[in-house]
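Undergrad: model this:
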Amino acid sequence: MERVSVFVDGANMYYAQKRLGWFIDYRKVLNHFAWQADHELSEAYYFTGADQQPRGRDSAFREYLNHAGYTVRAKSIKQVMDDATGETIEKANLDIEIVIDMFNTLSRYDTCVLMSGDGDFERMVEVLRARGKRVVVVALPEMTARELRNAAGSNFVDLRQLETFIARTDRMPDHADDAPAGSTDALHQVESR
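TA: Got it, this is the predicted structure:
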């Protein structure tokens with residue numbers, strides 16, 4: 001039995017969804033990657049920024065994630081002034097929290113799925129692979145740092161290939177017929193390469 005953990009960079013996946021035009025059903029993500037005959041879900045984490053005064057929609061989404069099986073790690077959003085433009089930017093960087101949880105749970109998984117295209121995770125992927133762990137990176141190619149893609153190697157999965165398996169069907173865009181076809185099983189697809 002292969003133990004699988006899932007780590008979702010919420011901000012990265014939010015912007016990926018905006019580009020794709022379809023929404024991810026995070027319960028389906030767990031079904032797809034971990035609740036298959038030869039896989040067992042070990043851990044599932046979702047990392048996100050949180051407003052000081054949570055809005056109802058954000059609270060409901062975090063509650064949905066908890067019921068779906070995720071541990072939600074939220075960090076307060078900070079407002080930072082961009083010196084170049086003078087604009088106020090909202091920021092909640094959770095890269096360190098993701099790395100800490102991946103290493104603190106290292107003995108609980110054989111494969112980890114990282115849903116992020118952030119190049120800051122390159123070294124982490126290299127270290128996990130050196131420790132005998134399989135790391136599957138799921139992201140949009142055009143939103144993935146070259147360094148992270150190189151570190152993942154053949155274990156990189158284009159998020160578009162998973163639409164059939166992980167998209168929300170209750171909130172599909174009008175042009176759903178134009179969407180690319182999905183693959184059969186991302187973990188097995190990567191294993192066969």
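Undergrad: quick one, what contacts the spatially most central residue of the chain?
TA: In the chain, the C-alpha nearest the mean C-alpha coordinate belongs to M115, at 2.3 Å (C-alpha atoms, centre = their mean). By C-beta atoms under 8 Å, 6 or more residues apart in numbering, the contact set of M115 is V6, F7, V8, D9, N12, M13, V29, V138, A139, L159. C-beta coordinates here come from the backbone N, C-alpha and C atoms, glycine included.
Undergrad: can you do 6 Å?
TA: Going by C-beta atoms under 6 Å, 6 or more residues apart in numbering, M115 touches V8, M13, V138.
Undergrad: so which of the residues you listed is the most crowded?
TA: Taking other C-beta atoms under 10 Å as the neighbour criterion, V138 ranks highest of those with 28 neighbours.
Undergrad: make sure it is indeed in a strand.
TA: Yes: under DSSP: H, G, I helix; E, B strand; the rest coil, V138 falls within a strand.
Undergrad: can you tell me how far it sits from F156?
TA: Distance, V138 to F156, using C-beta to C-beta, to the nearest Å: 8 Å.
Undergrad: what do you get for A130?
TA: Counting by C-beta to C-beta - A130 and F156 are separated by 18 Å.
Undergrad: quick one: low-confidence ranges for the protein?
TA: Scanning the chain for pLDDT under 70 picks out 52-56, 90-91, 171-193.
Undergrad: great, nothing more from me.
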